[in-house]
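Undergrad: Sequence first, then the predicted structure:
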Amino acid sequence: MGISRRNFFYGTAAGAAMVISASGARASTCAIPTKERQAVLSPQGVVDELMAGNQRFVSGTMVNCDLNAQVKQTATGQYPIAAVVGCIDSRVPPEMVFDQNIGDIFSARIAGNFVNTDILGSLEFACHVAGAKAVVVLGHTSCGAVKGAIDQVKLGKLTDMLARIEPAVQAAGPVAERSSKNSEFVQKVADANVSLTVEAIKAQSEVLSGMVAAGELVIVGAMHDVATGQITLIN
Ligand SMILES: [Zn+2]
């Protein structure tokens, strides 16, 4: 049996021949991205594809691809369709919650899904150099980093890291009860943090904002519900 995280799911046959439609949509979701497919996909088409993948994830109809075959098929190059800025949270692995596989997406993960110079540089590589057409900032419910920022947790390097989320705490306020026990406020901060991160990418990266202006890229925010697996666009 090949490498697979998804042996419990039924799906299309692994290793199916790749066929590309005019819109770039996959005839088989196990087909790896190619230069040709990347070229014909629209930025919005990429977002639609990711959201369709999340629907498969939520409904338990993830495609059980042969990851060994995909490793071989991508050995000589990669043409990913999207880049995700997500939290390190163990419940929100981007490849799984969007039902993507080897070669499909770049994934930058950091507690609290914000950006810094290093992550912006990574996104510029993913989009401008490697051709990804959508950046998704993926927050999630019940985020420990957001809760820690709200509670102003002090611990080693975490203190400085959580300070990066303070602007979202301020944007979501003022609030009578600044506490991680205030679940409504926790979600407000998580939403604000995603929106601020989307804005920060556009404001701080001329490379990426230029691609957006040229219609070559979309940058969207999204929220993952850890209770259901459902992802909702929150732009
Ligand atoms: Zn988190």
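TA: In hand now; what should we look at? None of the values given here were measured: they were computed from a predicted structure. Numbers count the residues shown, from 1 in each chain.

Undergrad: And for Arg56, nearest residue in space, chain neighbours not counted?
TA: Beyond its immediate neighbours in the sequence, the residue positioned closest to Arg56 (C-beta to C-beta, 6 or more residues apart in numbering) is Asp99, lying 4.5 Å away. To be clear about C-beta, it is placed using only N, CA and C from the backbone, and glycine gets the same treatment.

Undergrad: Can you point out the buried residues in stretch 47-56?
TA: Going by neighbour count (16 or more other C-beta atoms under 10 Å), the buried part of stretch 47-56 is Val47, Glu49, Leu50, Met51, Gly53, Asn54, Arg56.

Undergrad: now do stretch 135-152
TA: 135-143, 145-150.

Undergrad: go on, stretch 211-231?
TA: Buried, per 16+ other C-beta under 10 Å, within stretch 211-231: Met211, Val212, Leu217, Val218, Ile219, Val220, Gly221, Ala222, Met223, His224, Gly229, Ile231.

Undergrad: With just CA atoms, put it into CSV.
TA: Presented in CSV, the C-alpha positions along stretch 211-231 are these (Å, rounded to 0.1, in the frame of the first residue of the first chain):
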residue,chain,number,x,y,z
MET,A,211,0.4,40.8,-8.6
VAL,A,212,-3.0,41.5,-7.1
ALA,A,213,-3.2,44.8,-9.1
ALA,A,214,-2.3,42.9,-12.3
GLY,A,215,-5.0,40.3,-11.7
GLU,A,216,-2.5,37.5,-11.2
LEU,A,217,-3.2,36.9,-7.6
VAL,A,218,-5.9,37.0,-5.0
ILE,A,219,-5.3,37.3,-1.2
VAL,A,220,-8.2,36.1,0.9
GLY,A,221,-8.9,35.5,4.5
ALA,A,222,-10.6,32.4,5.9
MET,A,223,-11.7,31.0,9.2
HIS,A,224,-11.6,27.3,10.0
ASP,A,225,-14.1,26.0,12.6
VAL,A,226,-12.3,23.3,14.6
ALA,A,227,-15.6,21.9,15.8
THR,A,228,-16.9,21.1,12.3
GLY,A,229,-13.9,21.3,9.9
GLN,A,230,-15.8,24.0,7.9
ILE,A,231,-13.8,26.8,6.4
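
Undergrad: what's next to it, contact-wise?
TA: Under the contact criterion C-beta atoms under 8 Å, 6 or more residues apart in numbering, stretch 211-231 has outside partners 43-44, 46-47, 51, 54, 57-58, 89, 91-92, 97-98, 127-128, 132-142, 190-191, 194-195, 197-198, 201-202, 208, 232-235.

Undergrad: returning to that earlier point: closest to the ion among the buried residues of stretch 47-56?
TA: Closest approach to the ion among the buried residues of stretch 47-56 (C-beta to the ion): Asn54, at 17.3 Å.

Undergrad: now the closest one: how far from Val47?
TA: Here Asn54 is placed at a distance of 11 Å from Val47 (C-beta to C-beta, to the nearest Å).

Undergrad: before we move on, the earlier item: the residue nearest to Arg56 reaches Ser59, doesn't it?
TA: No. With contact defined as C-beta atoms under 8 Å, Asp99 does not count as touching Ser59 (10.1 Å).

Undergrad: Of those two, which one has the most company?
TA: Legend: neighbour count by other C-beta atoms under 10 Å for Asp99 and Ser59, higher for Asp99 (24 against 9).

Undergrad: what's the helix or strand for that one?
TA: Element membership of Asp99, judged by DSSP states H and E, is empty: it is in no helix or strand.
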